[in-house]
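Asks: coordinates only, no sequence provided:
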């Protein structure tokens with residue numbers, strides 16, 4: 001199985017320091033939906049691991065988050081692709097869970113779901129927490145410059161981190 005794991009906010013859709021709280025605020029990044037569809041049509045399984053502490057903070061509810069993810073799936077399907085498992089951490093930063101990135105719980109859940117090893121699997125994110133989670137489970141850390149990516153690029157990166165302009169550039173690299 002060719003598995004690719006993506007962070008959501010800042011990679012697939014525009015991010016906001018004020019959180020993405022409504023379906024109307026959930027706006028895809030240019031080329032991101034097409035990139036996921038292209039990868040899917042080429043035999044890749046594309047999964048998503050996303051921190052959603054806005055749930056714990058009361059900024060939106062689970063139904064709103066599900067609506068965002070249903071919309072994402074619909075957009076990918078309209079391009080002829082399919083999106084795999086979406087896992088999210090609903091906890092706040094001080095909740096002490098195992099799933100909130102930089103902890104690797106969500107990545108481990110994806111590996112368990114698909115019964116695969118994460119060694120070498122690309123995890124594409126835009127934050128230091130994404131890269132640390134990837135490193136913790138032997139995934140290949142991949143940074144995109146979208147979202148918080150430029151800020152993250154200004155900090156030390158884990159050894160071997162690959163850097164791309166955006167998700168479309170990741171897809172272009174992986175596809176012939």
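Replies: Okay, I see it. For clarity, every value in this text was computed on a predicted model and none was experimentally measured.

Asks: secondary structure class of the nearest residue to residue 143 once chain neighbours are set aside, three-state.
Replies: Setting aside the residues directly before and after it, residue 143 is nearest to residue 163 in space (Cβ to Cβ, 6 or more residues apart in numbering), at 4.9 Å. The C-beta positions use only the backbone N, C-alpha and C, and glycine is treated the same way. What DSSP: H, G, I helix; E, B strand; the rest coil gives for residue 163 is strand.

Asks: was I right to think residue 163 contacts residue 145?
Replies: Yes: Residue 163 lies in contact with residue 145 (Cβ atoms under 8 Å); the separation is 7.1 Å.

Asks: can you pull the residues that touch both of these two?
Replies: residue 153 (Cβ atoms under 8 Å, 6 or more residues apart in numbering).

Asks: re earlier: residues contacting the residue nearest to residue 143?
Replies: 142, 143, 144, 145, 153, 157.

Asks: where does the first one sit, in terms of helix or strand?
Replies: With elements taken from DSSP states H and E, the one containing residue 142 is strand 140-144.

Asks: past that strand, which element shows up next along the chain?
Replies: Next element after strand 140-144 (DSSP H and E): helix 149-153.

Asks: which elements pack onto that following helix?
Replies: Judged by 3 or more Cβ pairs under 8 Å, 6 or more residues apart in numbering; DSSP states H and E, the packing partners of helix 149-153 are strand 140-144.

Asks: burial count for the closest residue in space to residue 9 that isn't next to it in sequence?
Replies: Take residue 9 and drop its neighbours on the chain: the residue closest to it by Cβ to Cβ, 6+ apart is residue 15, 4.1 Å away. Neighbour count for residue 15, taken as other Cβ atoms under 10 Å: 21.

Asks: and if you look at residue 98?
Replies: Neighbour number of residue 98 under other Cβ under 10 Å is 12.

Asks: list the contacts of it.
Replies: For residue 98, counting by Cβ under 8 Å, 6+ apart, the contacting residues are residue 105.

Asks: tell me the buried residues in the biggest helix by length in the chain?
Replies: Looking across the chain with DSSP state H, the single longest helix is helix 62-78. Neighbour counts over helix 62-78 (16 or more other Cβ atoms under 10 Å) mark 64, 65, 68, 69, 72, 73, 75, 76 as buried.

Asks: same question, stretch 79-95
Replies: 81, 83, 84, 85, 86, 87, 88, 89, 90, 91.

Asks: hang on, the fifth one packs against residue 36?
Replies: By that I understand residue 86. No: counting by Cβ under 8 Å, residue 86 does not reach residue 36; the two are 11.5 Å apart.

Asks: the residue nearest to residue 9 sits in which helix or strand?
Replies: Going by DSSP H and E, residue 15 is not in any helix or strand.
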